[in-house]
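**Student:** Give me a model of this one.
(one chain, ligands or ions: 1)
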Amino acid sequence: MDATEPIQSQKRSCEAADFDRTIKLKERLEQLLHEAAEVEVELSRADGTINGVPHYSLIEGRAHELGKHLSCEVQQRQMSELAASQAMTAKCPTCGTRCELYPKKRDVKSVDGSATLQELVGDCPSCRCFFFRYARR
Ligand SMILES: [Zn+2]
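**Tutor:** From the prediction side, this is the model:
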C-alpha cells in the first residue's frame with residue numbers, strides 16, 4: 001500500500017474544490033459586472049448625462065469612470081484583507097525593536113483615482129520611528 005495515496009487524494013480533492021470555486025466566482029463576477037453596466041446605463045439616462053444620440057466619447061468616458069471606481073474599490077478591499085491577515089507585530093525598520101502594529105487608514109492617489117487604504121502601522125517606542133508594515137508602492 002502506498003502511504004502517500006490518501007494525501008494525494010486529499011490534495012486532488014482540494015484542487016478540484018478550488019477549481020469549482022474559481023469558476024463560480026468568475027461567473028458571479030461576470031453577473032455583477034453585467035448588472036453594474038445595466039445600472040450605469042440606466043443612471044446615465046436618469047441623471048441626464050446621456051440624452052438622445054450622444055458622441056461616443058461621452059459613453060466611453062462614463063464607462064471608464066465606472067472602471068476606475070471599481071479599481072479603487074478593489075484596491076481598498078485588497079488592502080483591508082491584507083491588513084487583517086498580517087501579524088500584529090513587526091520589527092522597526094530603523095532600530096529593529098519589535099513593535100505592536102495597528103490598522104490605520106491612509107488616503108492615496110492611485111492611477112485610477114483616490115483610494116482610502118487600510119494598512120498596518122507601527123510606532124516604535126525606542127526610536128520614535130513611525131512605519132508602515134507594507135507600503136510597496
Ligand atoms: Zn525603532
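**Student:** Tell me how many other residues crowd residue 90.
**Tutor:** Residue 90 has 20 neighbouring residues, counting by other Cβ atoms under 10 Å. To be clear about C-beta, it is placed using only N, CA and C from the backbone, and glycine gets the same treatment.
**Student:** Do I have it right that it meets residue 96?
**Tutor:** No - look at residue 90 against residue 96 with Cβ atoms under 8 Å: they stay out of range, at 10.4 Å.
**Student:** which one is residue 115 nearest to, not counting chain neighbours?
**Tutor:** Once flanking residues are discounted, residue 115 sits nearest to residue 72: 4.3 Å by Cβ to Cβ, 6 or more residues apart in numbering.
**Student:** Just checking: what are the partner strands of the longest strand along the chain?
**Tutor:** Among the elements of the chain assigned as strand by DSSP state E, the one spanning the most residues is strand 98-110. Sheet pairing here is set by DSSP bridges, and for strand 98-110 it gives strand 89-91 (antiparallel), strand 113-123 (antiparallel).
**Student:** so of those, which one's packed in deepest?
**Tutor:** Of all these, strand 113-123 carries the top mean neighbour count, a mean of 17, counting by mean count of other Cβ atoms under 10 Å.
**Student:** Helix or strand: which one has the residue nearest to residue 115?
**Tutor:** Assignment of secondary structure by DSSP states H and E places residue 72 within helix 56-85.
**Student:** how big is the angle separating that helix from strand 113-123?
**Tutor:** Using axes from the mean of the first three to the mean of the last three Cα atoms, to 10 degrees, the inter-axis angle of helix 56-85 relative to strand 113-123 is 20 degrees.
**Student:** how about helix 56-85: buried residues?
**Tutor:** Of the residues in helix 56-85, those buried by neighbour count under the rule 16 or more other Cβ atoms under 10 Å are 62, 66, 72, 75, 76, 79, 80, 83.
**Student:** Touching, the residue nearest to residue 115 and residue 111? I think so.
**Tutor:** No - with contacts counted by Cβ under 8 Å, residue 72 stays clear of residue 111, the gap being 10.0 Å.
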